[in-house]
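*Asks:* sequence plus the predicted model coming up.
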Amino acid sequence: MLREPQQTDVAAWMLQNGPVDGVRQAGVGIGRRGVSDIYVNDLLGLGEANLFAIQSELRENPQAGPDALTSLPFFSLCKGFFLPLMGIAPDRLPGLFGLQPPQPLSPENRDALVETFLERELGLSLAEKVGLIFGDPFRGRAASVRHDTLCHILAQMVFLPISKIREQLIKAGDLPSLFALSTVKKKADTPVASAVVVKTLSHLSSTGRRRRTEVLQDLFQQCGRLERYVLAGLILGKVHLNVSGRQDLILKALSFKYGAGLESLTSAAALLDIFGLCDLLEEKGIEGLKEVTLKPLSPIRPALAGSNIPSDLKFPAWFECKYDGLRLMIHKDTDSQGRVLAGAFTRKRNDWLELIKGVHNLVQLLPCRSAILDGELHGTILDRWGAPRPATVYEVHSYLRGESPVPVNLKYVGFDLVYLNGHDLTGLPFRDRRRNLETLLTPLTGMPLPLPVVLSQGSRVENKEQLNRLYEQYRHQGHEGGMVKVESSTYPIAQRTTNWMKRKPEETLDLVLTAAFWSDPTAAGNRPFDSFIIACRSPEGFKEVGTVAGVDAGTSVQVVQTIMSQNLLTGRTVEHRGSRNTSAGVELAPGLVVSVKFEGIVRPDPDRVALRSPRIVRLRVGEIGPYEANSLEDLHQIQLKHGLG
DNA sequence: ACCCTAGTGTC
DNA sequence: CTCGGAT
DNA sequence: ATCCGAGGACACTAGGGT
């Protein structure tokens, strides 16, 4: 795992008990890089990645022994574990890694391999192993390194400009493959310890960007082809193991190891998440499970709406207004001295209590000892004629930051109650939870609080006509739409189920594609393009109004045919920075018209217009030409109609 | 001291 | 947030 | 039917470049 130390007496003395003690004795710069760090690194000859891994480990665990990072070589992990489970096309293996395809494993043997991996002592903690099984070495936390940065690192390693890397990416496939092809080494000359890889990755986010790239580059440099492939895949979150029910396998293994019941583990995993569960078990053992119950001030991930309403919806059903805003779960607890504790958590369980004025006051007044409310933080705003209308989520956001040009009257719209006075209500049918919610909130609705609270509008509908009428009513009030809830359904923590189903307006425009971006050729779906620029007509030609995701494989064929037959390629290439990476593409002459469905128009500044949640619903090839596409004027009309802008 | 970029979380 | 593909 | 990863807009923030 180590490079040759420099032959100095000091270094030899420092290293006599191994690199962990060496770094400890050097005793400087733990967790922070300074001049002395570079000196230590030179002195000990550890290399950036090893030094970083040891420092991270020492920061977390100052008593770490000399063999703290002793573990299975990363190459063995890749070859014996990832390779057989990743399901790479066998014919790619010789070219990518210089390896012959391994024996294909039966599904049972794949499961067995995962089980063995969990059981065997490999120098990795349980939580670390679980992270690897899920292809998430960051264990649910932020990766802190994205696609573009990896391109940058690769470019530096092979002395090529990034543009060349992007070019190769179009042809060669995904970034991990390109990393594999960036060396002739089949495996690391000196084995890289798996623990060094895992510790490096999991602590990467706690250091600066520059250091991150240094450390990663050093790690990649040590690795051979297969190791580079897996490492890049892990960082990008693209390592998907071909095993059924990973979570179940892991829970089973946990059950075996700790002697805990599967049921209690499953519910604990829903409340925490699988990584939180592992950390808890490692820290506190089976005793720790007792603390994992639904209770106030322990945030949970809320239930999510599953889909659109099916045409054969069963009646009667519950139909309620869908408010545009921020999902917020409000918690109340009362301690033994009678002090009230409050919490306000977002979907990702971030605590926003301090950010939202008035939550504490609202919680004080809730007529109960303890509760967990589910609802939406929603706003009302005065339009240009002085009439109130529901604010959009963007307006709520900007108001919370104190940057809204006009005041937004916030209120909390409660729509579910999952906990009340010491009782977990998630197992009750929705209609009972709703009744409890009404009892709890009715005394407070209409009171002039710093953060007013209301019940979500909603009622039982007996048929489609009633549902439609209500829907139109909500839309007329300016709300996002409506939501059907199955009255008999329980509250599915952290799950997207069809217990809740959305209905939103379907607005479409005919727009022109003015650029197409290459997809990853190794990705599923086999489509040449995975996103497009959409544009509308305007006095100054075609005006970009955003980008839109690609179409399905079949439609994609038609797109390509149209581009070819109508000669739409201008010959110019374009780049576009998406939310995850920068992709390369080709400019298109106006010719391809598509119907784009979207949820509204957002306008960051008067000069730019963009669509909210745009997607292509169908091609209009042979139906209308680019000069019949919708115009900027049409977009402005829609904006006015909805009172926006 | 300032501006820009990459990463993150909200929908 | 929405969608398609895989399962 | 369900899950998961692909894609979208927006706006903040810390860290790094200049």
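*Replies:* Okay, I see it. All values derive from a computational prediction rather than experimental measurement.
*Asks:* CA only for contacts and neighbour counts going forward, please
*Replies:* Fine.
*Asks:* residue of the stretch 101-250 of chain A nearest DNA strand B, please.
*Replies:* residue A:144 (2.9 Å; CA to the nearest atom of the strand).
*Asks:* for DNA strand D, see how far away that residue is.
*Replies:* 10 Å (CA to the nearest atom of the strand, to the nearest Å).
*Asks:* residue A:633 now?
*Replies:* 17 Å.
*Asks:* can you tell me the element that residue falls in?
*Replies:* Residue A:633 belongs to helix A:632-641 when elements are defined using DSSP states H and E.
*Asks:* helices or strands up against that helix?
*Replies:* strand A:529-538, strand A:601-602 (3 or more CA pairs under 8 Å, 6 or more residues apart in numbering; DSSP states H and E).
*Asks:* okay, those strands in JSON lines with mean neighbour count and distance to DNA strand D next?
*Replies:* Compiled in JSON lines, these are given as follows (neighbours: other CA atoms under 10 Å; distance: least, CA to the nearest atom of the strand, whole Å):
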{"stretch": "strand A:529-538", "mean neighbour count": "23", "distance to DNA strand D": "5"}
{"stretch": "strand A:601-602", "mean neighbour count": "18", "distance to DNA strand D": "5"}
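*Asks:* please name whichever of those is nearest to residue A:301.
*Replies:* strand A:601-602 (27.7 Å; CA to CA).
*Asks:* any idea which of the helices and strands packed on helix A:632-641 scores lowest on pLDDT?
*Replies:* Within the helices and strands packed on helix A:632-641, confidence is poorest for strand A:601-602, with a mean of 80 (mean pLDDT).
*Asks:* and that strand with DNA strand B, contact?
*Replies:* No. Among the residues of strand A:601-602, none lie within reach of DNA strand B under CA under 7 Å from any atom of the strand; the closest is 11.1 Å away.
*Asks:* enumerate the residues of the stretch 451-600 of chain A near DNA strand C.
*Replies:* Going by CA under 7 Å from any atom of the strand, the residues of the stretch 451-600 of chain A near DNA strand C are A:502, A:504, A:524, A:525, A:551, A:552, A:553, A:554, A:597.
*Asks:* chain A now?
*Replies:* A:244, A:304-305, A:502, A:504, A:524-525, A:551-554, A:597, A:613, A:615, A:617.
*Asks:* any idea what residue A:390 is bridged to?
*Replies:* Under DSSP bridges, the beta-bridge partners of residue A:390 are residue A:380.
*Asks:* sorry, back to before: using ChimeraX, define a selection of the buried residues within the residues of chain A next to DNA strand C.
*Replies:* What follows is the ChimeraX syntax for the buried subset of the residues of chain A next to DNA strand C, where burial is set by 16 or more other CA atoms under 10 Å:
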select /A:304,305,502,504,551,597,615
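*Asks:* out of the residues of chain A next to DNA strand C, flag the one nearest to residue A:268.
*Replies:* residue A:304 (18.8 Å).
*Asks:* for that closest one, what are phi and psi?
*Replies:* Reported as degrees, to the nearest 10, the phi and psi values for residue A:304 are phi -120, psi 150.
*Asks:* contacting residues around residue A:471?
*Replies:* A:321, A:481, A:482 (CA atoms under 8 Å, 6 or more residues apart in numbering).
*Asks:* which one (most neighbours) among the residues you listed?
*Replies:* Using other CA atoms under 10 Å as the neighbour criterion, residue A:482 leads those with 27 neighbours.
*Asks:* still on that earlier bit, out of the residues of the stretch 451-600 of chain A next to DNA strand C, list just those in strands.
*Replies:* Judged by DSSP state E, the subset of these located in strands is A:502, A:597.
*Asks:* and which of the residues of the stretch 451-600 of chain A next to DNA strand C is nearest to residue A:178?
*Replies:* Nearest to residue A:178 among these is residue A:524, at 17.8 Å by CA to CA.
*Asks:* list phi and psi for residue A:332.
*Replies:* phi -130, psi 140.
*Asks:* that one and residue A:297 touch, don't they?
*Replies:* Yes. Look at residue A:332 against residue A:297 with CA atoms under 8 Å: they come within range, at 7.2 Å.
*Asks:* so for these two, which residue has more residues nearby?
*Replies:* residue A:332 (26 against 20).
*Asks:* list the contacts for the more buried one?
*Replies:* A:296, A:297, A:340, A:341, A:342, A:343, A:363, A:369, A:370, A:371, A:372.
*Asks:* hmm, who's touching stretch A:264-283?
*Replies:* By CA under 8 Å, 6+ apart, stretch A:264-283 touches A:126-127, A:130-131, A:139-140, A:247, A:251, A:255, A:258, A:288-289, A:292-294, A:300-301, A:493-494.
*Asks:* just the buried subset of those residues, please.
*Replies:* Counted by 16+ other CA under 10 Å, these give A:126-127, A:130-131, A:139, A:247, A:251, A:255, A:289, A:292, A:294, A:300-301, A:493-494 as buried.
*Asks:* in helices, which of those appear?
*Replies:* A:126, A:127, A:130, A:131, A:247, A:251, A:255 (DSSP state H).
*Asks:* circling back: between residue A:332 and residue A:297, which contacts overlap?
*Replies:* A:341, A:342, A:343.
*Asks:* what residues of the host helix or strand of the last one count as buried?
*Replies:* The secondary structure element spanning residue A:343 is strand A:340-345 (assigned by DSSP H and E). Neighbour-count burial for strand A:340-345, counted by 16+ other CA under 10 Å, picks out A:340, A:341, A:342, A:343, A:344, A:345.
*Asks:* right, and the helix or strand after it?
*Replies:* Scanning onward from strand A:340-345 (DSSP H and E), the first element met is helix A:359-365.
*Asks:* quick check: buried residues in that following helix?
*Replies:* A:359, A:360, A:362, A:363, A:364.
*Asks:* can you give me phi and psi for residue A:284?
*Replies:* phi -120, psi 0.
*Asks:* do a quick rundown of the helices in the stretch 151-300 of chain A.
*Replies:* A:162-172, A:175-180, A:194-203, A:209-222, A:225-236, A:246-258, A:262-271, A:274-284 (DSSP state H, counting those that start in this stretch).
*Asks:* mind checking which of the ones you listed is nearest DNA strand D?
*Replies:* helix A:209-222 (3.7 Å).
*Asks:* buried sites along that closest one?
*Replies:* Buried, per 16+ other CA under 10 Å, within helix A:209-222: A:211, A:212, A:213, A:215, A:216, A:217, A:218, A:219, A:220, A:221, A:222.
*Asks:* is there any residue in it that contacts DNA strand D?
*Replies:* Yes. Using CA under 7 Å from any atom of the strand, helix A:209-222 comes into contact with DNA strand D via A:209, A:210, A:211.
*Asks:* mind putting these into JSON lines with pLDDT?
*Replies:* Converted to JSON lines, the residues of helix A:209-222 next to DNA strand D look like this (pLDDT from 0 to 100):
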{"residue": "A:209", "pLDDT": "90"}
{"residue": "A:210", "pLDDT": "91"}
{"residue": "A:211", "pLDDT": "92"}
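*Asks:* of those, which is the nearest to residue A:435?
*Replies:* Closest to residue A:435, out of all of the residues of helix A:209-222 next to DNA strand D and judged by CA to CA, is residue A:209, at 51.3 Å.
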